[in-house]
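# Need the 3D shape of this:
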Amino acid sequence: MKKARSRGRRRHATAHAAAATQRLTTPPDAAPPARDRRLAWALAVPIVVLVAAAFWPALANRFVDWDDEPNFFLNLDYRGIGWPQLQWAWTTTLLGVYQPVAWMILEVEYMLWGLDPRGYHLASMVFHAGVAVALYALMLDLLARSGSRDPATPGDPRARVVGAALATALFAVHPLRVEAVAWASSQPYLPCALFAVLAVLAYLRAAGEATAARRWTWLLLSLILYAAALLSKAAAVPLAAVLVILDVYPLRRLGNGAGGWLGPRARRVWLEKAPFLLLSLIFAWLAIQAKSGGRSLVPLEHDGIAARLAQACYGVWFYPVKSFVPIDIAAFYPLPARIDPMAPRFLLATAATLGATIGLFLLRRRYPGLLAAWLSYLIILAPSSGLVRIGNQIAADRYGYVSMLGLAVLLGAGLARLYERTARGRVGRVAFASAGGGAVLALAMLSRAQCGAWRDSETLWSHALAHGGPSATAHYGLASARFRQLRYAEAVRHYVEAARLNPSYADAFNDLAMILGGCPEASCRDGKAAVAAATRACELTSWNQPVYLDTLAVACAEAGDFEAAVKWQQEAIDLLADDRQKDDYRTRLRLYRDRRPYHEAAAAPSSADSEGLGIRG
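Numbers count the residues shown, from 1 in each chain. Next comes the predicted model:
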């Protein structure tokens, strides 16, 4: 009898715990009244309109001389949607990235627009609008789930709708989003973000389902969307860890308040997470392999762990600060030649990151949403924060596109709470609407102006130098633009500055040597300086690049050393793998044998200019 009563008590306790868990995962205020649902959907329309208004100037932009040329104009493999193009999309790591779904989307765009940049920019605007609407839906869901249990989140459904709409609009029209929308080569971040947000929405829906069949159906959909995000861009790799955070809060399926971390219910949660974590590991490995093959991955030994951590902490605060103070937003933020972890800006960023993390952890019971949003931001940003060094930028606007989504949700909660407290009367509502609307319109105007920075290669690199600071990359880009405009003297000045700022910049030395040795304007030629610059480029590339040897031959011929010119030109021909270029090289070889230098008749426009809309970049 005692055993029967004991079993009955255990069954009653299990049933009670299950009911409690159900109440936690499906709070009573998760579904707002019908009037508020209509308001929520009505506010989605102006969000889309605001996105279109803020980014419409991007439709007038051309392709730019920064990855657009190898991605589109020199890339014959993505032009179409047949089997060869699909096979290429699923096997290529062009420019060090693996993004087959993004390439398939671009293949469809090529079928629709050809090489007209307006079509690519329009597609980016549509994707960005889709991200904004999906983010808005995600905010409404998360705020509803946490509203009854977090004092930082309002309980009034209408306040949550207004806060989510305003936060989404502020995120969507912010000039930090311009790079991802106005730069064609950055488009893969947009479908990645869209699929990632939809994956989270499906995961939240699965957590609220009562039956196992429906729960696993939504989980499968979430997994498929997560795979699509990963196949669009590796920026979605950390999302699996974010789902674990959501299980702790607001779902409360893991942790001390929900059966612990390894209890029976917790094990079911971990089992559901296993395929997400497996996908995350697979695509993290693929991303590293792609970057290693593209030679853009900088080894840790180059600068040390302390410098990497300092850069990462600096990046943690870069995007929030730029969000609240949107000035000097640029395409390129150069990495210092050396990062000193004890320098004031890095030391302050490191201390602030540690302080914020420890402080929010101590407040986790009272304000769990703050810690959840902060950790989500850190985890998503981590791969592109500088812990893994790619290229020579200390930060990039596109890196904040996906990572800032979590902080946008936090902003929505804060604005909803502010609305709930201040907009109880007519005057308060008018003041809130005026301040919020004014902020959105101001950011939209800044974004319209920022779109102009991406109009063409000249405006891009001029703006980068003016607002991002001096950098070898920006000087080189502007030099190339000046070269295509036949403004050789200005091109020489910027090539010299690029080589000065980065003494290991082989391309800068090579292109400088080509102008000094082969420019059609005699006033810009200097054979001795050309030989010095070309020799430096060859030294930096171990004397095995035929393009640089060809330039060295041009420089030697201008300096009057035709024997050396013949020697280097013949070596360039021997190393050249592309038979289509050998005819040009042999033509120059004949010139040198006849003791004549090579002077270009004119600087041909880049393929990005000649094949686009017929306008120079």
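# Alpha carbons of stretch 550-565, as CSV, please.
These are the backbone C-alpha positions of stretch 550-565, laid out as CSV (Å, rounded to 0.1, in the frame of the first residue of the first chain):
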residue,chain,number,x,y,z
ASP,A,550,56.2,40.5,-67.0
THR,A,551,56.1,43.9,-65.2
LEU,A,552,59.8,43.6,-64.3
ALA,A,553,60.5,43.0,-68.0
VAL,A,554,58.6,46.2,-68.9
ALA,A,555,60.6,48.1,-66.2
CYS,A,556,63.9,46.8,-67.5
ALA,A,557,63.1,47.8,-71.0
GLU,A,558,62.2,51.3,-69.9
ALA,A,559,65.5,51.5,-68.1
GLY,A,560,67.4,50.4,-71.3
ASP,A,561,68.4,46.9,-70.0
PHE,A,562,66.9,44.9,-72.9
GLU,A,563,68.9,41.8,-72.2
ALA,A,564,67.3,41.6,-68.7
ALA,A,565,63.9,42.4,-70.2
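# what distance separates stretch 562-580 from the centre of its chain?
On the basis of Cα atoms, centre = their mean, to the nearest Å, the separation between the geometric centre of stretch 562-580 and that of its chain is 40 Å.
# contacting residues around that stretch?
Stretch 562-580 is contacted from outside by 544-547, 549-550, 552-554, 556-557, 582, 585-586, 588-589, 592-593, 595, using Cβ atoms under 8 Å, 6 or more residues apart in numbering. For every residue, glycine as well, the C-beta is placed using N, CA and C.
# Select only the buried ones of those residues in ChimeraX?
Listed next is the ChimeraX selection for buried residues among the contacts of stretch 562-580, using 16 or more other Cβ atoms under 10 Å:
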select :545,546,547,549,550,552,553,554,556,557,582,585,588,589,592
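# Inside helices: which ones of the contacts of stretch 562-580?
Mapping these onto helices (DSSP state H) picks out 546-547, 549-550, 552-554, 556-557, 582, 585-586, 588-589, 592-593.
# how about the CA coordinates for stretch 55-74, as CSV?
Presented in CSV, the C-alpha positions along stretch 55-74 are these (Å, rounded to 0.1, in the frame of the first residue of the first chain):
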residue,chain,number,x,y,z
PHE,A,55,18.2,52.0,-49.7
TRP,A,56,16.6,53.1,-53.0
PRO,A,57,19.7,55.2,-54.0
ALA,A,58,21.7,51.9,-54.1
LEU,A,59,19.9,51.0,-57.3
ALA,A,60,21.9,53.7,-59.1
ASN,A,61,25.2,52.2,-58.0
ARG,A,62,27.6,50.3,-60.2
PHE,A,63,29.8,47.3,-59.4
VAL,A,64,32.9,48.3,-57.5
ASP,A,65,36.6,47.2,-57.7
TRP,A,66,36.4,45.2,-54.5
ASP,A,67,35.6,41.5,-55.1
ASP,A,68,32.9,42.4,-57.7
GLU,A,69,35.2,41.8,-60.6
PRO,A,70,36.4,38.3,-59.7
ASN,A,71,32.9,37.4,-58.4
PHE,A,72,30.9,38.6,-61.5
PHE,A,73,32.9,39.9,-64.4
LEU,A,74,35.7,37.5,-64.5
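# List the buried residues for that stretch?
Neighbour-count burial for stretch 55-74, with 16+ other Cβ under 10 Å as criterion, is recorded at 55, 57-59, 61-69, 71-73.
# where in this protein is pLDDT low?
Low-confidence segments of the chain, defined by pLDDT under 70, are located at 1-36, 147-155, 257-259, 293-301, 601-617.
# Where do the strands of it begin and end?
In order along the chain, the chain carries the following strands (DSSP state E): 297-298, 333-334, 389-390, 393-395.
# List of residues touching the second one?
Yep, that's strand 333-334 we're talking about. 318, 392-396, 468-474.
# now it, how far from the chain's geometric center?
The chain centre lies 15 Å from the centre of strand 333-334; the measure is Cα atoms, centre = their mean.
# That strand - which strands sit beside it in the sheet, and in what orientation?
Sheet pairing of strand 333-334 (DSSP bridges) gives strand 393-395 (antiparallel).
# who touches the strand it pairs with?
For strand 393-395, the external contacting residues (Cβ under 8 Å, 6+ apart) are Gln311, Tyr314, Gly315, Phe318, Tyr319, Phe332, Tyr333, Pro334, Leu335, Pro336, Gly386.
# ok, so of those residues, who is nearest Ser186?
Ranked by distance to Ser186 (Cβ to Cβ), these are led by Phe332 at 12.8 Å.
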